[in-house]
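K.L.:
starting from these lines, generate the structure:
(one chain, ligands or ions: 1)
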Amino acid sequence: MIPQTFTAFYVDEHHNATVTEVKSTSLPDHEVSIQVHFSSLNYKDALSARGMNRVTKNYPHIPGIDAAGVVVEDRSGTFAPGDKVIVTGNDLGTNTFGGYGAFIRVPASWVVALPKELSLEQSMMIGTAGFTALYGIHRLKIEGINPDDGPILITGATGGVGSFAVFALSAMGYRVVAATRKTNQDQFLKNIGANSVLESEALTEVAKHPLLPRQWQGSIETVGGELLDAVLRQIQPKGAVACCGNVLGIEVSTNILPFILRGISLLGIDSAFCKRTIREQIWETASTLPFHKLPSNYYKKVPLSKLGTEIDLILQGKQTGRVVVEHAL
Ligand SMILES: NC(=O)c1ccc[n+]([C@@H]2O[C@H](COP(=O)([O-])OP(=O)(O)OC[C@H]3O[C@@H](n4cnc5c(N)ncnc54)[C@H](OP(=O)(O)O)[C@@H]3O)[C@@H](O)[C@H]2O)c1
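P.N.:
Okay, here's the model as predicted:
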């Protein structure tokens, strides 16, 4: 049973957030009720929490596109009370009350069993950011991008998606080049697996030629805009770019020559609506990664009361690594 009220990071009609008690009758009428132990902070959560970019259409709202916890009740019969589960993406935390509430209620089709090798906390260290990085890698592999064929460039490398991509690709044996604006985070990036680090500006301060020297076999591009344009012109023949981010906006201006003279591919990543079979496969891949190799400062754990500060930092592009949100049980 869900208690009559539960604690949540609650955003009102004016986009002001408070940590407060919310009536459980305000949860939607879906099949699976889950007590949330951990959530995480992604760029999209910050947009939702601040009423930006129409990520969330209706307020009051409880953000949190990620949740990991324990099943309280499942009317579909798919899960048993006490099962440890993960919910990421779909509509969670965008227009359905999300993981910044101590309880959620969602359709069974959104719920994935926690792989036994992972803890609930680890699953939220991964969260949508890590899942997106792994989805991008999954797509690059389908394009035949192998560890021996050349370096992979990660942009926005200190961010959630970027840093997890650096770690995962390195663990899979790829040569990883991390591009960042945070020149003081060189050691952090090397500690999580980058073979080398370059300043993002070096990528864009290039001639406006339609084709540039072939540097990268593949890329996980998390920033968009002029960075995506520059990366596309630097990809080796038959290479591919998995594009997921729009930190620099939704517009991109490019040209056709990298596509028709080098046969490169631009792969769109939409982790929220990834097919369920692929979603389960990606969580299985996540569970095989060597998390013991991550430095202890890769993520920080914060209570709901500290979320506001972390949201400010991610919107300013100042986060490094991941933020896990811990509910008081
Ligand atoms: N399509 C999907 O399924 C999907 C899923 C998850 C996330 N996303 C998108 O992917 C992007 C990254 O998400 P995230 O959660 O990883 O966010 P994040 O932690 O804030 O990472 C974004 C990184 O981009 C870089 N950056 C920020 N502002 C910049 C600017 N003005 N110019 C150049 N670089 C800038 C920063 O890295 P450096 O300082 O290291 O350069 C920053 O850490 C967001 O646009 C998010 O909406 C998409």
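K.L.:
in stretch 134-149, what's buried?
P.N.:
134, 135, 136, 137, 138, 139, 140, 143, 145 (16 or more other C-beta atoms under 10 Å). C-beta coordinates here come from the backbone N, C-alpha and C atoms, glycine included.
K.L.:
hmm, it touching the ligand?
P.N.:
No. Stretch 134-149 stays clear of the ligand (C-beta under 6 Å from any ligand atom), getting no nearer than 7.1 Å.
K.L.:
quick check, distance from that stretch to the centre of its chain.
P.N.:
18 Å (C-alpha atoms, centre = their mean, to the nearest Å).
K.L.:
how many other residues sit next to the closest residue to the ligand within the chain?
P.N.:
Across the chain, no residue is closer to the ligand than residue 159, which sits at 1.9 Å (C-beta to the nearest ligand atom). The number of residues packed near residue 159 is 27, by other C-beta atoms under 10 Å.
K.L.:
for it, what are its contacts?
P.N.:
43, 129, 222, 247, 317, 319 (C-beta atoms under 8 Å, 6 or more residues apart in numbering).
K.L.:
isn't the fifth one up against residue 247?
P.N.:
In other words, residue 317. Yes. When contacts are counted by C-beta atoms under 8 Å, residue 317 is listed as touching residue 247 (6.8 Å).
K.L.:
just the mean pLDDT for stretch 312-325, thanks.
P.N.:
For stretch 312-325, the mean pLDDT works out to 97.
K.L.:
and the furthest pair within the buried residues of stretch 134-149?
P.N.:
134 and 143 (15.2 Å; C-beta to C-beta).
K.L.:
who in the stretch 51-200 of the chain is up against the ligand?
P.N.:
Counting by C-beta under 6 Å from any ligand atom, the residues of the stretch 51-200 of the chain near the ligand are 128-129, 132, 156-162, 180-182, 200.
K.L.:
the strands in the stretch 151-300 of the chain, which residues?
P.N.:
For the stretch 151-300 of the chain, applying DSSP state E, counting those that start in this stretch gives strands covering 152-154, 176-180, 196-199, 216-221, 235-243, 265-268, 299-303.
K.L.:
can I get the ones you listed in a markdown table including mean pLDDT?
P.N.:
Output for those, formatted as a markdown table (pLDDT from 0 to 100):
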| stretch | mean pLDDT |
| --- | --- |
| strand 152-154 | 98 |
| strand 176-180 | 98 |
| strand 196-199 | 98 |
| strand 216-221 | 98 |
| strand 235-243 | 98 |
| strand 265-268 | 98 |
| strand 299-303 | 98 |
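K.L.:
hang on, the earlier thing: in helices only, show me the contacts of residue 159.
P.N.:
43, 129 (DSSP state H).
K.L.:
and the buried ones among the contacts of residue 159, selectable in PyMOL?
P.N.:
Here is the PyMOL selection string for the buried members of those, based on 16+ other C-beta under 10 Å:
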select buried, resi 43+129+222+319
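K.L.:
from the contacts of residue 159, pick the one nearest residue 22.
P.N.:
After measuring the contacts of residue 159 against residue 22 - C-beta to C-beta - the closest member comes out as residue 43, at 24.3 Å.
K.L.:
quick check: that closest one touching residue 247?
P.N.:
Yes. Using C-beta under 8 Å, residue 43 makes contact with residue 247 at a distance of 7.0 Å.
K.L.:
could you pull out the helices for the stretch 101-250 of the chain?
P.N.:
In the stretch 101-250 of the chain, the segments counted as helices under DSSP state H, counting those that start in this stretch are 120-142, 160-171, 186-191, 200-204, 225-232.
K.L.:
tell me which of those is the most buried.
P.N.:
Across those, the average number of neighbours (mean count of other C-beta atoms under 10 Å) peaks for helix 160-171, which reaches a mean of 28.
K.L.:
give the contact list for residue 229.
P.N.:
252, 253, 254.
K.L.:
mind checking pLDDT for the nearest residue to it once chain neighbours are set aside?
P.N.:
Distances taken as C-beta to C-beta, 6 or more residues apart in numbering place residue 254 nearest to residue 229, at 4.9 Å, with adjacent residues excluded. pLDDT recorded at residue 254 is 95.
K.L.:
what is the burial count for residue 254?
P.N.:
Neighbourhood size, residue 254 [other C-beta under 10 Å]: 16.
K.L.:
ok, it - contacts?
P.N.:
228, 229, 232, 233.
K.L.:
relative to residue 75, how far out is the closest residue to residue 236 other than its chain neighbours?
P.N.:
Distance criterion C-beta to C-beta, 6+ apart; nearest residue to residue 236, sequence neighbours excluded, is residue 214 at 4.3 Å. Using C-beta to C-beta, to the nearest Å, residue 214 is found at 55 Å from residue 75.
K.L.:
what about those two, which has more around it?
P.N.:
residue 214 (16 against 12).
K.L.:
coming back round to it: would you agree the residue nearest to residue 236 is in contact with residue 233?
P.N.:
No. Taking contacts as C-beta under 8 Å, residue 214 lies outside contact range of residue 233: 9.6 Å.
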